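Undergrad: here is a sequence with its predicted model. Questions after.
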Amino acid sequence: MPLNLRTYHELVGADRSGLPEQIGAQRRRVAERLAGVGRLVAVMSGKGGVGKSFVTAHLARALARGGRAVGVLDADLNGPTIPRLLEVRHAPRTTHSDAVEPAIGVDGVKCISMDLLLQDGAPLAFRGPQTESFVWRGALEAAALREFLGDVAWGTLDTLLLDLPPGLQRIHELGDLLSAPPPVLTVTIPTPESRDAVRRAMRDARERGAPLLGIVENMVDGQFAGTAGADLAAEFGVPLLARIPWHPTPDAWDQLAQRLRSPA
Amino acid sequence: MKFLCVECDKQMVFEERQLPGDGTLAAAFKCPACGRVVGLLTNPMETQLVASLGVVIGGRTVPAQPLETVRGMVATGRDDAFDEVSGQRGAVSGPTWSAEAQERLSRVPSFVRGMVKRIYADYAKQHGIGEITAAVMDTARAELGLEGM
């Protein structure tokens, strides 16, 4: 004879742990922190090694040179490179009761990165049972991303660029953490292999409701042959915002910044 | 997460949480009708999964600290990653620390030490305590559910 157990929703008493409320408070903290940010832009690619961080850092600098208040959140927790690209020197992050101050890079770009917090050369390692760490490691990385969004004193920014690692995980997490998926700037190199990998990421982002801002084709006029940028732009109906050569001048970044401000 | 006393058909209420220090968690829930207490025991992996979400079974006793999960869970953090400023921005004040309390605090990993120090200082301030001693730390740890700190 089975027990006549009531279900969770039939128990109307308060849940002292209030786990849903705690999660809700986390989301509100992120929303409140980002209230002063005019525009979030996720820099994404489905492929590694296409220069996402390079594009992110130089785009941020160009926007800043144009008079915009800009921040970069390095969401590549396991391979962070933004501080070096922004020439940020290691220094303790000043911590108040409610927030951590971001680092300031060249051209006044604010940034936060796991690189600023880890021992030199050390991998991102977490405390806890190492067996079956796949069960909880993803949740911890999502929590770190949430805290980078919600616990850093971003202040008033025109644009906060989110430098995503290869793959789709972070864009999914951002969709959960924010009220809506952020607009996406996609980076590819010219090759058909890159095109095929990036296509999957763009399709995934679009299916999740992320606006696609356009394509940046990086490392053109070099040893990588192909038309991935134009192909993807045509396929998804988005602009090819820039074709960045192997040795770009500041003008190339300034033009990209200009087009990102007014992509039409 | 809710617990039901099936015999009484009453929702049990959270009583107490303990972190024994071996990665496990124990939480007690009591039936308000018959007084029966049951324990929720999680293994290290389950405990870690809950901690990874940045939530606390039994509810929060202290406000969320900046980068709390990163500072509490990253094992390879820089010793000088954070420079703590007391209280709200611009305000520098706080209780004094006894030698024994300072020694105990020094054993906390430096990556997370500033956050732990702030939690104890806030506790002392809220209770009108001018000097943080080892006994104050013990009391705060028990009251705030900071068994791991």
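TA: Yep, that arrived.
Undergrad: which residues in chain B form helices?
TA: B:44-52, B:68-73, B:99-106, B:110-126, B:134-144 (DSSP state H).
Undergrad: can the shortest one be said to contact chain A?
TA: Pointing back at helix B:68-73 there. Yes. Helix B:68-73 reaches chain A (CB under 8 Å from any CB of the partner chain) through B:68-70, B:72-73. All C-beta spots, glycine's among them, are computed from the backbone N, C-alpha and C.
Undergrad: picking up where we left off before, just name the most buried of the helices of chain B.
TA: Burial of the helices of chain B is given as mean neighbour count (mean count of other CB atoms under 10 Å in any protein chain shown); helix B:68-73 ranks first at a mean of 22.
Undergrad: how near is residue A:41 to residue A:185?
TA: Separation of residue A:41 from residue A:185 (CB to CB, to the nearest Å) stands at 5 Å.
Undergrad: quick one, domains of chain B?
TA: Here the domain parsing of chain B from automatic domain parsing is B:1-59, B:78-149.
Undergrad: by mean pLDDT, show me the worst of those.
TA: Mean pLDDT values for those show the minimum at domain B:78-149, a mean of 81.
Undergrad: is it positioned near chain A?
TA: Yes. Residues of domain B:78-149 contacting chain A under CB under 8 Å from any CB: B:78-85, B:87-89, B:111, B:114-115, B:118, B:122.
Undergrad: ok, of the residues you listed, which one's closest to chain A?
TA: residue B:83 (3.6 Å; CB to the nearest CB).
Undergrad: more neighbours: which of residue A:41 and residue A:185?
TA: residue A:185 (27 against 20; other CB atoms under 10 Å in any protein chain shown).
Undergrad: what number of residues lie near residue A:222?
TA: The burial count for residue A:222: 12, using other CB under 10 Å.
Undergrad: with the one 10 residues further on instead?
TA: For residue A:232, the count of nearby residues is 23 (other CB under 10 Å).
Undergrad: so it: helix, strand or coil?
TA: Using DSSP: H, G, I helix; E, B strand; the rest coil, the secondary structure recorded for residue A:232 is helix.
Undergrad: what segments of chain A are strands?
TA: Under the criterion DSSP state E, chain A carries strands at the ranges A:37-44, A:70-74, A:93-95, A:103-104, A:110-112, A:157-163, A:184-188, A:212-220, A:240-245.
Undergrad: make CSV out of the ones you listed and add distance to chain B and mean pLDDT.
TA: What follows is these, written out as CSV (distance: least, CB to the nearest CB, whole Å; pLDDT from 0 to 100):
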stretch, distance to chain B, mean pLDDT
strand A:37-44, 17, 96
strand A:70-74, 13, 98
strand A:93-95, 5, 91
strand A:103-104, 11, 97
strand A:110-112, 9, 97
strand A:157-163, 17, 97
strand A:184-188, 25, 97
strand A:212-220, 29, 96
strand A:240-245, 33, 96
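Undergrad: give me the beta-bridge partners of the residue nearest in space to the middle of chain A?
TA: With distances taken as CA atoms, centre = their mean, chain A has residue A:162 as the residue nearest its mean C-alpha position (2.8 Å). Beta bridges link residue A:162 to residue A:42, residue A:73 when assigned by DSSP bridges.
Undergrad: what residues are up against it?
TA: The neighbours of residue A:162, taking CB atoms under 8 Å, 6 or more residues apart in numbering or on different chains as the test, are A:40-43, A:72-73, A:75, A:170, A:174, A:182.
Undergrad: coming back round to it: closest one to residue A:196 among the strands of chain A?
TA: strand A:184-188 (10.0 Å; CB to CB).
Undergrad: how distant is the closest one from the center of its chain?
TA: For strand A:184-188, the separation from the chain centroid amounts to 11 Å (computed by CA atoms, centre = their mean, to the nearest Å).
Undergrad: what is the neighbour count of the closest residue to residue A:98 other than its chain neighbours?
TA: Excluding the flanking residues, the one nearest residue A:98 by CB to CB, 6 or more residues apart in numbering or on different chains is residue B:66, at 6.5 Å. Residue B:66: 25 surrounding residues under other CB under 10 Å.
Undergrad: got it, and residue B:94?
TA: Counted with other CB under 10 Å, residue B:94 comes out at 17.
Undergrad: check contacts around residue A:153.
TA: A:96, A:99-102.
Undergrad: rerun at 10 Å
TA: A:33, A:36, A:93-96, A:98-102, A:110, A:112, B:66, B:89 (CB atoms under 10 Å, 6 or more residues apart in numbering or on different chains).
Undergrad: before we move on, what about residue B:10?
TA: Residue B:10 touches A:11, A:13, B:3-4, B:31-34, B:36, counting by CB under 10 Å, 6+ apart.
Undergrad: kindly report the same for residue A:51.
TA: A:43, A:45, A:57-58, A:187-189, A:216, A:218-219, A:244.
Undergrad: and the pLDDT for it?
TA: The model's pLDDT for residue A:51 equals 95.
Undergrad: with residue A:136 instead?
TA: So residue A:136 comes in at 87 (pLDDT).
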